[in-house]
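A.B. asks: This is a predicted model, with the sequence first.
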Amino acid sequence: MERFKVSAGNVCARAVWHLVAVGGAAALALSACDGGTEHQQPDNGQINPTVGGGGAGGPDASPPPPDAGMPGNPVAEPPMGLDPNNQVNPGPLPGDAHFDFNALLARGEMLRDIMDPRAASLLAARYDLSDRPSSYTMSRGKPLQEGVRVRLPPGVTWDQLAMMTPEQIKAADIFPGGFMPLPHPNQDEGGQILPQSTIDELNRQTARNLKRFDISFDIPEIFLPEFPPAIFLTTRPDLGDVSQGKVVTFANFFELFKDKLNEKQLNGFRLLLTPFPEQQFNLTDDRRTVDPVLGIACLECHINGHTNGAIHLVQDIRPQEMRNRLDTVTLRGVNIQRLFGSQRALKTVEDFTQFEQSGAYFDGDMASAVKKGVNMLDRTQQVQPMAELQELFDFPPAPKLGVLGTLDASKSTAAELRGELVFNGKGQCAGCHPPPFYTDLTMHDLMVDRFFMFRTVNNQMQKPDGIIKTFPLRGIKDSPPYFHDGRLLTLEDSIEFFNLILEDHLTQSEKDDLLAFLLAL
């Protein structure tokens, strides 16, 4: 691929790299700074998507902090000889159906060297990423990471922050960055990204390499669900975990489940494990894997009917900088839920199963869906068995919960019982998460934007979340990271977040007791 030449006369010393999406693939662009002003909006509630986000510096420089481009931290000259005025996406010419794959590959590999360090820099600035395993484990034995990992602004404590009003926190601009929306590692390109452990195992079993050449998964695996996760069936609670410690794929599902499921359910399993074309994973030149692949299967993100922590961007928001990062949710307990999709509120799992093939799979882009191979599922012959199988994935056992989903006092510790009182009372948790499954099956707006000024971070606008579906808390310890975009790495982070958002003013002992209760769910 011919290198672009730098047009140095158009590059200011205080420039900010950001990405722009052109025709479905990422292209670099450069926007000039306005004399060193900070990347945040006036405190008037207005969103201005044109403000640029921070980016990576020169080829020999370490990646700048996430808010690069602010006073005292200018961004270096454009890396790798790129011309900011000639960033034409290597897509097809008018009337040509084909992309120049070699150009896409070269550009994507170049982007990865820029975007991966930038994403890592953001996480390191927001969180303590050290390996501090807890004594508590997930269903198959992986330790949870313990402690609050969200970093506080210098000179501020959690107690001090909790005593301030939302207006005071916003005016002082001290809302912790780890409580703000978490951008996709490449916000302008977006798309599904799998953790490396999943990529390696799927490649071993199915000879399909789903490693993207343009971006890598960002959150360290110590903060992700255990891999492979356990599988519990609503129809066979007597069996406990039926995964046999294996990742279920189309290569082994029949042998594992032929004596546990009926023929229709097995067919649903087969369909959920069948790779179908997707925006980044497909057989065309417009893909993000080195080799063409058939696609990706539903249960390759919802691994074993649970989750591996894979990410995407929600497909129902535009423009691109407004789209929310989406953490893959567990399918455990789908049978008791009545809303599907964090904000779209689809009413049945059948609808979600059918519509995702042309929705999230192709970013809501029907033209790409037709070109790359949209999978039009038959409602009776395919959607119904797929939905029925999903509704068999059960929550993990919770031996300390009684028939009504509350703690059995004879089996619970004093801390767990105190934590249940906090959950139902001062903590206000039960207002959205009532037993037995700890969800009210509706949606709420936490109005987190009360606490911060809008700004662009790594090309995502930090903005109001709006209403979000209430997810069940049963088995919550098996499903880190938390919140719809995975911004809360630990349960302790979640407790501090809601203590601040709901203005609970919990004491440290009350927080500890609440944690003990959540671990019992």
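C.D. replies: Perfect, I can see it now.
A.B. asks: What mean pLDDT does the host helix or strand of residue 367 get?
C.D. replies: Take DSSP states H and E as the rule and residue 367 turns out to sit in helix 366-372. Confidence for helix 366-372, expressed as mean pLDDT, is 86.
A.B. asks: Give me the contacts around it.
C.D. replies: Helix 366-372 is contacted from outside by 24, 97, 277-279, 282-284, 286, 358, 361-362, 374, using C-beta atoms under 8 Å, 6 or more residues apart in numbering. Any C-beta I mention is one placed from the backbone N, CA and C, and that applies to glycine too.
A.B. asks: Kindly recompute the last result at 6 Å.
C.D. replies: For helix 366-372, the external contacting residues (C-beta atoms under 6 Å, 6 or more residues apart in numbering) are 277, 282, 284, 358, 362.
A.B. asks: Stretch 133-143 too?
C.D. replies: 144, 146, 226, 230, 396, 478, 519.
A.B. asks: cool, stretch 417-437 as well?
C.D. replies: With C-beta under 6 Å, 6+ apart, stretch 417-437 has contacts from 336, 404-407, 439-440, 444, 470, 472-474, 502, 504, 510, 513-514, 516-517.
A.B. asks: repeat that for 8 Å
C.D. replies: Residues contacting stretch 417-437 (C-beta under 8 Å, 6+ apart): 333, 336, 395, 401, 404-407, 409, 412, 439-440, 444, 470, 472-474, 498-499, 502, 504, 506, 510, 513-518, 520.
A.B. asks: Narrow those residues to those that are buried.
C.D. replies: 333, 395, 401, 406-407, 412, 439, 470, 472-474, 498-499, 502, 504, 506, 510, 513-518, 520 (16 or more other C-beta atoms under 10 Å).
A.B. asks: So which of the residues you listed belong to helices?
C.D. replies: 498, 499, 510, 513, 514, 515, 516, 517, 518 (DSSP state H).
A.B. asks: Could you dump those residues into a markdown table with pLDDT and distance to residue 122 added?
C.D. replies: What follows is those, written out as a markdown table (pLDDT from 0 to 100; distance: C-beta to C-beta, whole Å):
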| residue | pLDDT | distance to residue 122 |
| --- | --- | --- |
| 498 | 98 | 23 |
| 499 | 98 | 24 |
| 510 | 98 | 31 |
| 513 | 98 | 33 |
| 514 | 98 | 29 |
| 515 | 98 | 27 |
| 516 | 98 | 32 |
| 517 | 98 | 32 |
| 518 | 98 | 27 |
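A.B. asks: As a markdown table, these with distance to residue 247 would be great.
C.D. replies: Output for these, formatted as a markdown table (distance: C-beta to C-beta, whole Å):
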| residue | distance to residue 247 |
| --- | --- |
| 498 | 33 |
| 499 | 37 |
| 510 | 39 |
| 513 | 36 |
| 514 | 33 |
| 515 | 30 |
| 516 | 32 |
| 517 | 31 |
| 518 | 27 |
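A.B. asks: thinking again about what came up before, output the helix holding residue 367 in CSV, but only the C-alpha positions, please.
C.D. replies: Output of helix 366-372 as CSV, limited to C-alpha atoms (Å, rounded to 0.1, in the frame of the first residue of the first chain):
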residue,chain,number,x,y,z
MET,A,366,-29.4,-3.3,5.8
ALA,A,367,-27.3,-2.7,2.8
SER,A,368,-24.3,-4.5,4.4
ALA,A,369,-26.6,-7.2,5.6
VAL,A,370,-27.8,-8.0,2.1
LYS,A,371,-24.2,-7.8,0.7
LYS,A,372,-22.6,-10.0,3.4
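A.B. asks: Report the buried residues of that helix.
C.D. replies: 368, 369, 372.
A.B. asks: Same question for stretch 250-262.
C.D. replies: Applying 16+ other C-beta under 10 Å to stretch 250-262 flags 250, 253, 256, 257, 261 as buried.
A.B. asks: again, but for stretch 337-344
C.D. replies: Those would be 337, 339, 340, 341, 342, 343, 344, for stretch 337-344 by 16+ other C-beta under 10 Å.
A.B. asks: quick one: contacts for the residue nearest the centre of the chain?
C.D. replies: Of all residues in the chain, the one closest to the mean position by C-alpha atoms, centre = their mean is residue 327, 2.5 Å from it. Residue 327 sits next to 307, 309, 311, 481, 483, 484, 485, 486 when contact means C-beta under 8 Å, 6+ apart.
A.B. asks: Take the residues you listed and lay them out in a markdown table including secondary structure and distance to residue 177.
C.D. replies: Shown next, in a markdown table, are the contacts of residue 327 (DSSP: H, G, I helix; E, B strand; the rest coil; distance: C-beta to C-beta, whole Å):
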| residue | secondary structure | distance to residue 177 |
| --- | --- | --- |
| 307 | coil | 24 |
| 309 | coil | 20 |
| 311 | strand | 18 |
| 481 | coil | 15 |
| 483 | coil | 14 |
| 484 | coil | 17 |
| 485 | coil | 13 |
| 486 | coil | 14 |
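A.B. asks: returning to that earlier point: please convert the contacts of stretch 133-143 to CSV, extending it with distance to residue 193, secondary structure and neighbour count.
C.D. replies: As requested, these are arranged in CSV below (distance: C-beta to C-beta, whole Å; DSSP: H, G, I helix; E, B strand; the rest coil; neighbours: other C-beta atoms under 10 Å):
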residue, distance to residue 193, secondary structure, neighbour count
144, 23, strand, 21
146, 26, coil, 15
226, 19, coil, 19
230, 24, coil, 23
396, 26, coil, 22
478, 21, helix, 22
519, 29, helix, 18
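A.B. asks: any chance of the residues you listed in JSON lines, with pLDDT too?
C.D. replies: Below are the contacts of stretch 133-143 laid out as JSON lines (pLDDT from 0 to 100):
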{"residue": "144", "pLDDT": "98"}
{"residue": "146", "pLDDT": "98"}
{"residue": "226", "pLDDT": "98"}
{"residue": "230", "pLDDT": "98"}
{"residue": "396", "pLDDT": "98"}
{"residue": "478", "pLDDT": "98"}
{"residue": "519", "pLDDT": "98"}
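A.B. asks: Those into a markdown table, with extra columns for distance to residue 155?
C.D. replies: Below are the contacts of stretch 133-143 laid out as a markdown table (distance: C-beta to C-beta, whole Å):
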| residue | distance to residue 155 |
| --- | --- |
| 144 | 30 |
| 146 | 25 |
| 226 | 37 |
| 230 | 44 |
| 396 | 41 |
| 478 | 36 |
| 519 | 32 |
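A.B. asks: ranges for the helices of the stretch 201-350 of the chain?
C.D. replies: Residue ranges of the helices in the stretch 201-350 of the chain, as given by DSSP state H, counting those that start in this stretch, are 253-257, 263-272, 349-356.
A.B. asks: Out of the ones you listed, which gets nearest to residue 123?
C.D. replies: Ranking these by proximity to residue 123 (C-beta to C-beta) places helix 349-356 first, at 27.9 Å.
A.B. asks: Compute the number of surrounding residues for the residue nearest to residue 144 when sequence neighbours are not counted.
C.D. replies: Computed as C-beta to C-beta, 6 or more residues apart in numbering, the closest residue to residue 144 that is not its neighbour in sequence is residue 134, at 4.4 Å. Using other C-beta atoms under 10 Å, residue 134 is surrounded by 16 other residues.
A.B. asks: Can you read off the backbone torsions of residue 134?
C.D. replies: For residue 134, the backbone dihedrals (degrees, to the nearest 10) come out as phi -90, psi 170.
A.B. asks: Show the model's pLDDT score for it.
C.D. replies: So residue 134 comes in at 97 (pLDDT).
A.B. asks: distance of it from residue 448?
C.D. replies: 26 Å (C-beta to C-beta, to the nearest Å).
A.B. asks: Residues contacting stretch 503-519, please?
C.D. replies: 136, 162-163, 166, 407, 413, 415-416, 418-420, 422-423, 426-429, 473, 476-477, 491-492, 495-496, 498-499.
A.B. asks: Of these, which qualify as buried by neighbour count?
C.D. replies: Here, 16+ other C-beta under 10 Å leaves 162, 166, 407, 415-416, 418-420, 422-423, 426-429, 473, 476-477, 491-492, 495-496, 498-499 buried among those.
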